[in-house]
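Visitor: Below: sequence and its predicted model.
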Amino acid sequence: MPTVFYCKKYRFFFYSNEFQATNLLEPIHIHIESGENDAKYWLEPEISLASNEGFRSKELLEIEKIIENKKDEIIIKWKQHFNIS
């Protein structure tokens, strides 16, 4: 599970086998965890919450703002990690 970055109390990461497991069916996305809470956000075609387990609404808004600010970086790291040109 490569960590893309940490911001505040959140860890943003990918699952290494995810790209092959989804067989290209899922759009680019990022997982977020903090303590026992986790969430997943799609980055394409737009940033949207895919799943949430435990984060409060206020935290999700904070996470979404972080993703908006780091979207380009996340996409670049996704493509590098999964060897996509």
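Guide: Right, received. Where do you want to start? Predicted model only: the values in this text are computed from it and were never measured.
Visitor: so where's the longest helix in this protein?
Guide: helix 57-81 (DSSP state H).
Visitor: And it, what's buried?
Guide: Judged by neighbour count (16 or more other Cβ atoms under 10 Å), helix 57-81 contains these buried residues: 59-60, 62-64, 66-67, 70-71, 74, 77-78. C-betas here are computed from N, CA, C, even on glycine.
Visitor: what does that helix rub up against?
Guide: 2, 4-5, 7-8, 10, 12, 14, 16, 19, 28, 30, 32, 34, 37, 39, 41, 43-44, 47, 49, 52, 55, 84-85 (Cβ atoms under 8 Å, 6 or more residues apart in numbering).
Visitor: Which members of the residues you listed are positioned in strands?
Guide: The strands, defined by DSSP state E, take in 4-5, 7, 10, 12, 30, 32, 34, 37, 39, 41, 49, 52 from the contacts of helix 57-81.
Visitor: Give the bridge partners for Tyr6, please.
Guide: Following DSSP bridges, Tyr6 is listed with bridge partners Arg11.
Visitor: lowest-confidence helix or strand of the protein?
Guide: The helix or strand of the chain with the poorest confidence is helix 18-22; it has a mean of 56 (mean pLDDT, DSSP states H and E).
Visitor: dump the residue contacts of the residue nearest to Glu44 when sequence neighbours are not counted.
Guide: The shortest distance from Glu44 to any residue that is not its chain neighbour, by Cβ to Cβ, 6 or more residues apart in numbering, is 4.3 Å, and that residue is Pro27. Applying Cβ under 8 Å, 6+ apart, we find Pro27 in contact with 42-45.
Visitor: I'm done for today, thanks for sticking with me.
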